[in-house]
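Peer 1: predicted coordinates and the sequence they were generated for:
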Amino acid sequence: MDRSEKKVIIITGLVLSLFIFSILYARGKTNDLPECVPFDKTYTEPKVTKLDNKTYQVYAVAKMWQFEPSQIYILLGSEVDFFLTSKDVVHGFNISDKNVNMMAVYGNINKTTVKFDKPGVYKITCHEYCGVGHQTMQAEVIVNDPASK
Ligand code: CUA
């Protein structure tokens, strides 16, 4: 075998191992991907439900030009299922520092799960132009550390 052939085989092997390693490394590290949930009218009523000390369900409703509920209080370390819909046009749903980017669409429910490990205020903003009040469309998730009280 020629020396340059050997080199090519070794380099190919290294690149391939790096590729396989990257896939294995990334596995399980991604966010919970947004998914579609079958539409049900109950999701159009905004609410926050505390299932236990570490789990919440939020029914988030977007409409011109606000999110409901506009303030969501949760305890530090909680996991929150967001169920999102719109009452009118298409709105965006972005949670700062959380890599959440969903669309609120009339007649559809989008769901994602987010874990809040750091206390603070996480801004929710509409990132889809939805009319004259678009830039005022905000809400927030307030994460409290029970130990800090
Ligand atoms: Cu809602 Cu922009």
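Peer 2: On my side now, so go ahead. Numbering: from 1, shown residues only.
Peer 1: please name the bridge partners of the residue nearest to the spatial centre of the chain.
Peer 2: Closest to where the C-alpha atoms of the chain average out (Cα atoms, centre = their mean) is Val100, at 3.0 Å. The bridge-partner assignment for Val100, based on DSSP bridges, gives Ile95.
Peer 1: just the one 10 residues further on next, same as before
Peer 2: On DSSP bridges, the residues paired with Asn110 through beta bridges are Cys36, Leu84.
Peer 1: in terms of contact, does it touch Ala104 like I think?
Peer 2: Yes: the criterion here is Cβ atoms under 8 Å, and Asn110 meets it with Ala104 at 7.2 Å. Every residue, glycine included, has its C-beta placed from N, CA and C.
Peer 1: common neighbours of those two, please.
Peer 2: Common neighbours of Asn110 and Ala104 are listed as Leu84, Thr85, Phe93 (criterion: Cβ atoms under 8 Å, 6 or more residues apart in numbering).
Peer 1: closest one of the residues you listed to Pro69?
Peer 2: Of all these, Pro69 sits closest to Leu84, with 12.1 Å by Cβ to Cβ.
Peer 1: is it true that the closest one touches Lys111?
Peer 2: Yes: Leu84 sits in contact with Lys111 when judged by Cβ under 8 Å, with a separation of 7.3 Å.
Peer 1: pick out whichever of the two has more residues nearby.
Peer 2: Neighbour tally, Leu84 and Lys111, criterion other Cβ atoms under 10 Å: the higher count belongs to Leu84, 25 against 17.
Peer 1: for the more buried one, what are its contacts?
Peer 2: Ala60, Val61, Ala62, Phe93, Met102, Ala104, Ile109, Asn110, Lys111, Thr112.
Peer 1: look up how far the ligand lies from it.
Peer 2: As for Leu84, its distance to the ligand is 12 Å (criterion: Cβ to the nearest ligand atom, to the nearest Å).
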